Every structure is written in structure tokens, then in C-alpha cells.
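Trainee: Sequence and predicted structure are below.
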Amino acid sequence: MSPYLFGYLGAAILILSGLSLTRKNPVHAVLYMIVMFFHLAVLYLGLGAEFLAAVQIIVYAGAILVLFLFVIMILNIKEEMEGERFSGAWPFGISLASGLLLLFIIITGNVTPGQQGTCTPAVIAAQTNTKLMGTLLYTQYIFPFEVASLILLVAVVGAIVLAKKRLR
């Protein structure tokens, strides 16, 4: 991947993320997020992760953000848009975010490279990314995969229980 393309994609992702966080209109924020997800998918393609790019577009840009748009359109957001954008706690939020960023920089600065895994670039080049990911996921990492699916199932059932209207 060209360093210029990588720089453009990185800068565009950062700018679009900031725009989606700072827009007062939630529909505009979701639209900025959709564009950001497409830039992220192009970045994945450039890094050779075709499966992640497809999942990024299908799942995130295709399903989740469309769901966000439907929820936003169902809700009455006129009162929210007329009010003040930021509460009085924004200095605390910025200081907390700055502290977390500093902590992240300190932690990542002290990381030493570890042992190289079994999926070297030569192994990945011999197979496709999707085949290698599926083989590892359903053989070596089957237990964590099943635990994650159980947690997601519990979350879906919990959401249904919370959203269900109670009969009187």
C-alpha cells in the first residue's frame, strides 16, 4: 500500500470520526460514520485483509448503521437538538480522555516484541485470509468463540426482556 494512500485513509478516518462525534444532528453523525467505515474497509483491503473489509461493509456499514438510522428516525429528537450541545462536565471529559491517551502512550511505549506466531506472512500467502481465519477459529479457538457466542445470546435475550411491554 502506498504511504500516501495510507496517510490519506488514516487522516480521513480520524477526521470523519471526529465529525461523527461532534455533529449536533444525529443523522449527519451517522452519515459521517458510514463514510468513515467505508474508508476503514479500503484500509483493510490495502493491508490484505479482504475478509475484514467485507465484514466491515456488510455488518457495520450495512446493518448496524442502518439500524442506527431507523432508531434515530423513530425517536423524537427535536427537543434534543434544540438544547445545549455539551453539558458542564466537558472539561472533566477532556481531561479524562487526555489522561487515558497519555496512559495508552506510556503503555505502548514499553511494549517489547514477543514471539512470532504461527501465522507468518508466508503461511497467509499460501492460504487465503478467510480460510486461515476459519481454520484457526473452529479448531484452536473454538472455546473462546463459543463463549463469545453465548455472551451475545444472553445480551440479545436480555434486550428482548427489557424491551418487552409488560401486560397488566
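Mentor: Ah, there it is.
Trainee: From here on, just use CA atoms for contacts and neighbour counts.
Mentor: Will do.
Trainee: ok, which stretches of the protein are helices?
Mentor: Along the chain, counting by DSSP state H, helices occupy 3-22, 26-46, 50-55, 65-74, 78-82, 90-109, 121-126, 129-138, 142-163.
Trainee: Could you single out the most deeply buried of those?
Mentor: helix 26-46 (a mean of 19; mean count of other C-alpha atoms under 10 Å).
Trainee: Can you tell me what sits against that one?
Mentor: Helix 26-46 is contacted from outside by 1, 6, 9, 12-13, 16-17, 19-23, 50, 52-54, 56-57, 60-61, 65, 68-69, 72, using C-alpha atoms under 8 Å, 6 or more residues apart in numbering.
Trainee: Per-residue pLDDT of the closest residue to Tyr138 other than its chain neighbours, please?
Mentor: Take Tyr138 and drop its neighbours on the chain: the residue closest to it by C-alpha to C-alpha, 6 or more residues apart in numbering is Phe145, 7.9 Å away. Here, the pLDDT recorded for Phe145 equals 87.
Trainee: is it true that Phe145 touches Leu137?
Mentor: Yes: with contact defined as C-alpha atoms under 8 Å, Phe145 counts as touching Leu137 (7.0 Å).
Trainee: Point out where the chain drops to low pLDDT.
Mentor: For the chain, applying pLDDT under 70 flags the ranges 76-87, 165-168.
Trainee: Next, the contact list for the spatially most central residue of it, please.
Mentor: Geometric centre of the chain, nearest residue: Tyr60, 7.7 Å, by C-alpha atoms, centre = their mean. Taking C-alpha under 8 Å, 6+ apart, we find Tyr60 in contact with Phe37.
Trainee: mind checking how far it is from Ala54?
Mentor: 10 Å (C-alpha to C-alpha, to the nearest Å).
Trainee: what does Lys164 give?
Mentor: 33 Å.
Trainee: count of neighbours near Ala49?
Mentor: As a burial measure, Ala49 scores 16 neighbours (other C-alpha atoms under 10 Å).
Trainee: Isn't it up against Lys131?
Mentor: No: Ala49 lies out of contact with Lys131 (C-alpha under 8 Å); the separation is 11.8 Å.
Trainee: Okay, domains of the protein per the record?
Mentor: Here the domain parsing of the chain from automatic domain parsing is 1-81, 121-168.
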